[in-house]
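Colleague: Fold the following and give me the result.
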Amino acid sequence: MSRADLARLIADARRLVVFTGAGISTESGIPDFRSPGGVWSKMKPIYFQDFVADPAKRREAWERAFSGRTGWTGREPNSGHHAVARLVAQGKAASVITQNVDNLHQASGVPADRIVELHGNASYATCLECGERHELEALKVGFLKAGEIPYCRVCGGLVKTATISFGQPMPQAEMARAEAETLNCDLFLVLGSSLVVYPAAGFPLLAKRNGAELAIVNREPTDLDGFADLVLHDEIGPALSEAVPFAP
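Modeller: Residues are numbered from 1 along each chain as shown. A predicted model of the protein is given here:
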């Protein structure tokens, strides 16, 4: 199948949902998680229960966050992100469901209320007790100057980057939003996801079984390719830019 086929499928859709994984952001220089050279090949994940129970693990997590070792933040959106933003601005895409934590959809111009972040966001932190938002730059000063592990300025609870760690419950509100959007679309467009991480990877099949068309654009084959109406093994940015040109 070709980029022209993708363009036709998008043009025919009335209400599509975009579902993005790490593959859309590797083109911005952000490493993925599981491939050779990815994040987890360089460092072991810190499990949620260990972060909560062990001050040493909390310190290690904050050292990673403030050193930029994970590489999840500080990059710019690429042409794939901007093409997704055009789909939203044109009213073609109702929402963007993302597995990414890099904030690049927001940076590309997609309104925050149109983005469903299944795995959270690495660009800020939240209190695990009261949910208060904390900006990383404010926390960084105390940590680097005095070695202070962040605590909530409101309730004194533990503060953690707003990502969903291994062992941490999935955000129920976001999962419910993602399910509702999936069931209301007529085209489910997967961009750069290996579709191996569940429950997130269940949404494409849910859309397909509900009567929507399923398109998968990913550099490597996925386990769901056989269910898709269109499969394109291609670079996300160039393929989507061609399929979603700038409006005249």
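Colleague: Make sure Ala7 is actually in contact with Glu242.
Modeller: Yes. Applying CB atoms under 8 Å, one finds Ala7 in contact with Glu242, separated by 7.0 Å. The C-beta positions use only the backbone N, C-alpha and C, and glycine is treated the same way.
Colleague: what's the domain layout of the chain?
Modeller: Here the domain parsing of the chain from automatic domain parsing is 1-30+76-119+170-248, 32-71+122-163.
Colleague: Go through those and pick out the most buried.
Modeller: Highest mean neighbour count among those (mean count of other CB atoms under 10 Å): domain 1-30+76-119+170-248, with a mean of 19.
Colleague: and the next element down the chain from the lowest-mean-pLDDT helix or strand in the chain?
Modeller: Every helix and strand of the chain was ranked by mean pLDDT, DSSP states H and E. The lowest is helix 39-42, at a mean of 56. Counting by DSSP states H and E, the next helix or strand C-terminal to helix 39-42 is helix 48-53.
Colleague: rounded to a whole number, what's the mean pLDDT of that following helix?
Modeller: Average pLDDT, helix 48-53: 97.
Colleague: for it, packing partners?
Modeller: Applying 3 or more CB pairs under 8 Å, 6 or more residues apart in numbering; DSSP states H and E, one finds that helix 48-53 contacts helix 55-67.
Colleague: which other residues reach the helix or strand following the helix it packs on?
Modeller: Counting by DSSP H and E, the next helix or strand C-terminal to helix 55-67 is helix 79-89. Contacts to helix 79-89, defined as CB atoms under 8 Å, 6 or more residues apart in numbering, come from residues 10, 16, 18, 20, 24-25, 27-28, 77, 93, 95-96, 104-105, 107-111, 114, 191-192, 236-238, 240-241, 243-244, 246-247.
Colleague: Strand partners (parallel or antiparallel) of whichever strand in the chain runs longest?
Modeller: Criterion DSSP state E: the longest strand present in the chain is strand 120-127. In the sheet, strand 120-127 lines up against strand 133-135 (antiparallel), strand 159-163 (antiparallel) (DSSP bridges).
Colleague: In a markdown table, list those along with distance to Arg59.
Modeller: Listed next are those as a markdown table, based on distance: least, CB to CB, whole Å:
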| stretch | distance to Arg59 |
| --- | --- |
| strand 133-135 | 17 |
| strand 159-163 | 12 |
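Colleague: Include mean pLDDT and distance to Phe227 when you put these into JSON lines, please.
Modeller: As requested, the strands paired with strand 120-127 are exported to JSON lines (pLDDT from 0 to 100; distance: least, CB to CB, whole Å):
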{"stretch": "strand 133-135", "mean pLDDT": "96", "distance to Phe227": "38"}
{"stretch": "strand 159-163", "mean pLDDT": "96", "distance to Phe227": "29"}
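Colleague: Cool, thanks, signing off.
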